[in-house]
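> Here's a sequence, model it:
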Amino acid sequence: MDLKSNHNSPVLTDPVPVNKSRLGMPSSLMPYSPPGQAFSSGLYLTIPRRKVIPGKLDDVRASGWLDAMKSSSPPRKKLNKDLGIDFVSEEELAYRSWALKYPSAISSFEQIISHATGKRLALFLDYDGTLAKIVVDPERAFMSNAMRTAVRNVAKYFPTAIVSGRSRDKVYEFVGLTDVHYAGCHGMDIVGPVRESMTVANHPNCIRSTDKQGKEVFLFQPASEFIPMIDEVFRSLIENTKDIEGARVENNKFCVSVHYRTVDEKSWPAVAQCVHEVLKDYPRLRLSYGRKVLEIRPVINWNKGKAVEFLLESLELDSDDVVPIYIGDDKTDEDAFKVLREKNRGYGILVSSVPKETSAFYSLRDPSEVMEFLKSLVRWKKSAAAP
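Numbers count the residues shown, from 1 in each chain. Now for the predicted structure:
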């Protein structure tokens, strides 16, 4: 198998102008600082005060928002113990039964690789919950040095892209590697190297530019016209959620994330109502659910699945001799899983420690197993190349 590693894609300094708020402050960050409280750094805002927000919640209940919030945020598994002996819990039994349908990508490694013999592999990786553990403070979702090394090593042998709901700049800050490609905001912000055969004119939202090293790259932003609207919604959500303890609002440039991981479950209806009140005035935006996060995104025909297709095409990997592998843990990754399944090419691998409905073929329990899978790919490639 002849795999080339000429797929470097450093992060681009974005040429899209930054919209300024009416207060003269950057619209990506509108601080709110209660008396005696310090403002949190970064794009997040944590408000310690708690206040009941008046208003009817029938609309969010009737629309199923609350049920969706709970179903997308499963509780942690518990292990039954008695007299110091571990017993298999009902949750573990359910997982083992589920894993018969979606077997471990580690135990099925030889089967996966057998389909890649004589072909090239291309890797697509989600970030949160896949390369880094889900943490209480999203601003501190750091990947380990060991995981960074694993991603760096695998990128030496296979074209590798990070496809995240985070902003492209934020996910690059976390990953810190220049030899992988980045697709932020669920694929609405992609940067990559310009190929000789690539026709930028075929994509109206794709432009040529240069990165910080002076190399020519392309920048693809299919939702660029929504930036002012996203800024406006971000400011409204900051104001509307300021009295809900633990609520965090993140501006990812092309989408807004409302995190409720540290919000008391009794206040989840208040979070849903706040988002509902803002979103009803923006018919061109829609709501999606993640792991204890509500995300507001533009209503366009674009998602992580479309992003994978675009990257395969732009990186000249859209051929029968390429086997794409997509690894992700969230509902938004299902669009990518569906693309690979429906086109009968490559494999989707779901990262989850609890049973979930999925279009993936295989599973991994957590980021530690993701790292082991990446290491296995490197070992396999090295052994295949050995004389």
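
> Next one, pLDDT for residue 339 please.
Listed pLDDT for residue 339 reads 96.

> cool, residue 287 as well?
The predicted local distance difference test score for residue 287 is 93.

> Just name whatever secondary elements the host helix or strand of it is in contact with.
Residue 287 is part of strand 285-290, with elements assigned from DSSP states H and E. Judged by 3 or more CB pairs under 8 Å, 6 or more residues apart in numbering; DSSP states H and E, strand 285-290 is in contact with helix 65-71, helix 268-279, strand 293-298. Heads up, the C-betas are built off the backbone N, CA and C, glycines and all.

> Out of these, which is closest to residue 353?
Among these, helix 65-71 comes nearest to residue 353, with 15.8 Å by CB to CB.

> residues in contact with the closest one?
60, 260, 268, 269, 271, 272, 275, 276, 287, 289, 292, 294 (CB atoms under 8 Å, 6 or more residues apart in numbering).

> now the strands for the stretch 51-200 of the chain?
For the stretch 51-200 of the chain, the strands defined by DSSP state E, counting those that start in this stretch cover 81-82, 85-86, 120-125, 160-163, 181-184, 189-193.

> Tabulate those in a markdown table, adding columns for distance to residue 231 and mean pLDDT.
Converted to a markdown table, these look like this (distance: least, CB to CB, whole Å; pLDDT from 0 to 100):
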| stretch | distance to residue 231 | mean pLDDT |
| --- | --- | --- |
| strand 81-82 | 50 | 47 |
| strand 85-86 | 51 | 52 |
| strand 120-125 | 29 | 97 |
| strand 160-163 | 24 | 96 |
| strand 181-184 | 16 | 94 |
| strand 189-193 | 15 | 86 |
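
> any chance of these in a markdown table, plus mean neighbour count and distance to residue 352?
Shown next, in a markdown table, are the strands of the stretch 51-200 of the chain (neighbours: other CB atoms under 10 Å; distance: least, CB to CB, whole Å):
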| stretch | mean neighbour count | distance to residue 352 |
| --- | --- | --- |
| strand 81-82 | 8 | 23 |
| strand 85-86 | 8 | 21 |
| strand 120-125 | 23 | 15 |
| strand 160-163 | 26 | 17 |
| strand 181-184 | 26 | 22 |
| strand 189-193 | 24 | 26 |
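
> CSV for these, including distance to residue 252?
Shown next, in CSV, are the strands of the stretch 51-200 of the chain (distance: least, CB to CB, whole Å):
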stretch, distance to residue 252
strand 81-82, 41
strand 85-86, 41
strand 120-125, 18
strand 160-163, 13
strand 181-184, 7
strand 189-193, 9
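
> What is the longest helix of this protein by residue count?
helix 367-385 (DSSP state H).

> Can you give me the buried ones in stretch 166-180?
Neighbour counts over stretch 166-180 (16 or more other CB atoms under 10 Å) mark 166, 167, 168, 169, 170, 171, 172, 174, 175, 177, 178, 180 as buried.

> Which ones among those lie within helices?
Reading helices off those with DSSP H, I get 168, 169, 170, 171, 172, 174, 175.

> of those residues, closest to residue 92?
Checking those against residue 92 with CB to CB, the nearest one is residue 174 at 31.0 Å.

> Just the pLDDT at that closest one, thanks.
96.

> Generate TSV for the helices and strands packed on strand 285-290, with distance to residue 105 and mean neighbour count as supplementary columns.
Formatted as TSV, these follow (distance: least, CB to CB, whole Å; neighbours: other CB atoms under 10 Å):
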stretch	distance to residue 105	mean neighbour count
helix 65-71	24	16
helix 268-279	33	21
strand 293-298	25	23
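
> The ones you listed: which one's closest to residue 190?
Each of these was scored for nearness to residue 190 using CB to CB, and the closest is strand 293-298 (15.1 Å).

> Not counting the closest one itself, show me its contacts.
By CB under 8 Å, 6+ apart, the list of residues contacting strand 293-298 reads 69, 165, 186, 188, 223, 226, 229-230, 233, 237, 254-261, 271-272, 275, 278-279, 282, 284-289, 332.

> before we move on, back to that, which one of the strands of the stretch 51-200 of the chain lies nearest to residue 111?
Nearest of the strands of the stretch 51-200 of the chain to residue 111, taken as CB to CB: strand 120-125 at 14.3 Å.

> hmm, who's touching that closest one?
Surrounding strand 120-125, the residues in contact under the criterion CB under 8 Å, 6+ apart are 1-3, 131, 151, 154-155, 158-163, 308, 311-312, 315, 317, 321-328, 336, 346, 370, 374, 377.

> That one pairs with which strands, parallel or anti?
strand 160-163 (parallel), strand 322-328 (parallel) (DSSP bridges).

> Could you point out which of the ones you listed sits nearest residue 136?
Judging the strands paired with strand 120-125 by CB to CB, what sits closest to residue 136 is strand 322-328, at 20.9 Å.

> Now that closest one: buried residues?
Applying 16+ other CB under 10 Å to strand 322-328 flags 322, 323, 324, 325, 326, 327, 328 as buried.

> wait, which of those residues is closest to residue 141?
Looking across these and measuring by CB to CB, the closest to residue 141 is residue 328, at 14.7 Å.
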